[in-house]
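**Student:** Coordinates for the following, if possible.
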Amino acid sequence: MSARFVHKQLDRAVEDIGSVDAVGNATYVIGNLGYHRATEAISGVRYPKAVRDYDAVELVGRKQLDRNWALTASYVWSRLYGNYSGLSESDENGRTEPNIGGTFDAPLALFGGDGRPLYGRLATDRPHQVKAQFIYTAPFGINVGVFQSLASGLPVSRFAVLSPGISPVFYAGRGSDGRTPALSQTDVSVQYVLALGGSKRLTFGLNVLNLFNQAEGVSRYSLENDQGVQVVIPEADYYAGRSNVRAAFDEQQLARDPRFLQYEFFQEPIRARVSVRFSF
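**Tutor:** Numbering: from 1, shown residues only. Reported below is the predicted structural model:
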């Protein structure tokens, strides 16, 4: 049995930091978020520092291979909190352009509808994760492995594009619309080793991922605006906490994207791989 505590934090990050004028023109500096020139956006508004804190408690139990079987099981409680999704840009569905993400491209993206700097559970936060791996070796040459995982769903955070806008605004806060369903999956591996004499071996293998073909939704489409639509909100009102973005959609008769809060991605379907290996 073992237990450990993990803490990771982001001290500084290099990003492009932008501000947008009244007609939508953007200007940028490259720097450490929340330091020096990277604190400047528009008059009266200062960028907050980038925050990405990870804390976790992990409990693990292991039964070593003995009497033909072994078992490893673990439970992790964790919290991923802050305002910066990291170089993989989980706020943008894993955009693969590090250090030029959209979050700090406009100051509006860093504030909630109450006018305060916005922090919360980040997009890949899974508070509870349970994993178990069982291995059995039969005396007649068959080895079986079963891997089972169960994890909390991911936060669902609606966002809108405000005018003049180039970045998503989480006006209702992070995790505003709950979480996706809990995610579970069972994977199986079977091997049969046939001895051919001497050191020669013929190994037949079968790996099956998502054995029960579970198809849970793993992501929801979170952009509220329909294509080409922007919500007109005076910036001063937004920073002062006097705006109501949700009501503005109806007041301005703006169309919402028909995909809004619908499932966007699902678990990969069942997959199987057969292999044959000859060793000597």
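**Student:** burial measure for the closest residue to residue 237 other than its chain neighbours, as a count.
**Tutor:** If the residues on either side of it in the chain are set aside, residue 237 comes closest to residue 243, at 4.5 Å by CB to CB, 6 or more residues apart in numbering. In short, each C-beta sits where N, CA and C put it, glycine included. Counted with other CB atoms under 10 Å, residues neighbouring residue 243 total 21.
**Student:** Residue 243 contacts residue 235, doesn't it?
**Tutor:** No. Using CB atoms under 8 Å, residue 243 and residue 235 do not qualify as a contacting pair, with a distance of 9.1 Å.
**Student:** Show me the longest helix that occurs in this protein.
**Tutor:** Within the chain, and with DSSP state H defining each element, the longest helix by residue count is helix 245-251.
**Student:** Pull out the CA atoms of it and give them to me as CSV.
**Tutor:** In CSV, the C-alpha atoms belonging to helix 245-251 read as follows (Å, rounded to 0.1, in the frame of the first residue of the first chain):
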residue,chain,number,x,y,z
VAL,A,245,-25.0,38.5,-21.2
ARG,A,246,-27.7,35.8,-21.0
ALA,A,247,-30.5,38.4,-21.1
ALA,A,248,-28.7,40.2,-23.9
PHE,A,249,-29.1,37.3,-26.3
ASP,A,250,-32.9,37.6,-26.0
GLU,A,251,-33.0,41.4,-25.9
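**Student:** The next helix or strand after that helix packs against which elements?
**Tutor:** Downstream of helix 245-251, the next assigned helix or strand under DSSP states H and E is strand 263-266. Where contact means 3 or more CB pairs under 8 Å, 6 or more residues apart in numbering; DSSP states H and E, strand 263-266 is packed against strand 217-220.
**Student:** in the protein, which spans are helices?
**Tutor:** Counting by DSSP H, residue ranges of the helices within the chain are 235-239, 245-251.
**Student:** nearest to residue 151, of the ones you listed?
**Tutor:** Ranking the helices of the chain by proximity to residue 151 (CB to CB) places helix 245-251 first, at 30.4 Å.
**Student:** Buried ones in the closest one, by neighbour count?
**Tutor:** Within helix 245-251, the residues that qualify as buried by neighbour count (16 or more other CB atoms under 10 Å) are 245, 248-249.
**Student:** what residues does that helix touch?
**Tutor:** By CB atoms under 8 Å, 6 or more residues apart in numbering, the list of residues contacting helix 245-251 from outside reads 113, 160, 162, 169, 171-172, 224, 231-233, 254, 256.
**Student:** if we go to 7 Å?
**Tutor:** Contacts with helix 245-251, where a contact means CB atoms under 7 Å, 6 or more residues apart in numbering, come from 113, 160, 171, 231, 233, 256.
**Student:** Which single one of those is nearest to residue 212?
**Tutor:** Proximity of those to residue 212 was ranked by CB to CB; the top entry is residue 256 with 35.1 Å.
**Student:** Count the neighbours of the closest residue to the closest one other than its chain neighbours for me.
**Tutor:** Distance criterion CB to CB, 6+ apart; nearest residue to residue 256, sequence neighbours excluded, is residue 224 at 5.6 Å. By the measure other CB under 10 Å, the count of residues near residue 224 is 24.
**Student:** isn't residue 224 right up against residue 261?
**Tutor:** No. Between residue 224 and residue 261 there is no contact, the gap being 8.5 Å when judged by CB atoms under 7 Å.
**Student:** show me what contacts residue 73?
**Tutor:** If a contact means CB under 7 Å, 6+ apart, then residue 73 has 61, 132 as its contacts.
**Student:** on that earlier part again, of all the helices of the chain, which one is nearest residue 125?
**Tutor:** In terms of CB to CB, the element of these nearest to residue 125 is helix 245-251, at 23.4 Å.
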